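# Curious how this folds, go ahead:
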Amino acid sequence: MVVPQATCDTMATVHNKPGSGIRLILEDGRILTPANATTTTSGKGEVNLEISGFPVKEGQQIIMGYVPADRTKSSKKIDVNCIVGVAEKGAF
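Numbers count the residues shown, from 1 in each chain. Here you go, the predicted structure:
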């Protein structure tokens, strides 16, 4: 079950699973799927990831707020309603 967040205070790591799209891995190990995410490939073959129009990268840590994308209790799809990019894992 997805617990709604009213503030931008949830840390997650971006993971792009080919064929399945973007997944967000939370600090507690839960995996959520943003309903408002897109994955595109440029003419040069570069994969571009966006969540709510915010560009993200594989392995990037973000701070976000979210609400359930629908009211189905078993759904793990979320709508990200705020997002802040922190860093790419291992960038420091």
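
# Specify the beta-bridge partners of V14.
As for beta bridges, V14 partners with L24 under DSSP bridges.

# start at 50 instead
Taking 50 as the first residue, the last one we looked at is V63.

# Enumerate every residue touching it.
Going by Cβ atoms under 8 Å, 6 or more residues apart in numbering, V63 touches I71, R72, L73, L98, I100, V105, K106, E107, G108, Q109, Q110, I111. Where C-beta positions appear, they are placed from N, C-alpha and C, glycine not excepted.

# Among those residues, which lie within strands?
I71, R72, L73, L98, I100, V105, Q109, Q110, I111 (DSSP state E).

# and the contacts of V63 as TSV, adding pLDDT?
Shown next, in TSV, are the contacts of V63 (pLDDT from 0 to 100):
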residue	pLDDT
I71	94
R72	95
L73	95
L98	94
I100	93
V105	93
K106	92
E107	92
G108	93
Q109	94
Q110	94
I111	94
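
# picking that back up, ok, of the ones in strands among the contacts of V63, which come out buried?
For the ones in strands among the contacts of V63, a burial check counting by 16 or more other Cβ atoms under 10 Å picks out I71, R72, L73, L98, I100, V105, Q109, Q110, I111.
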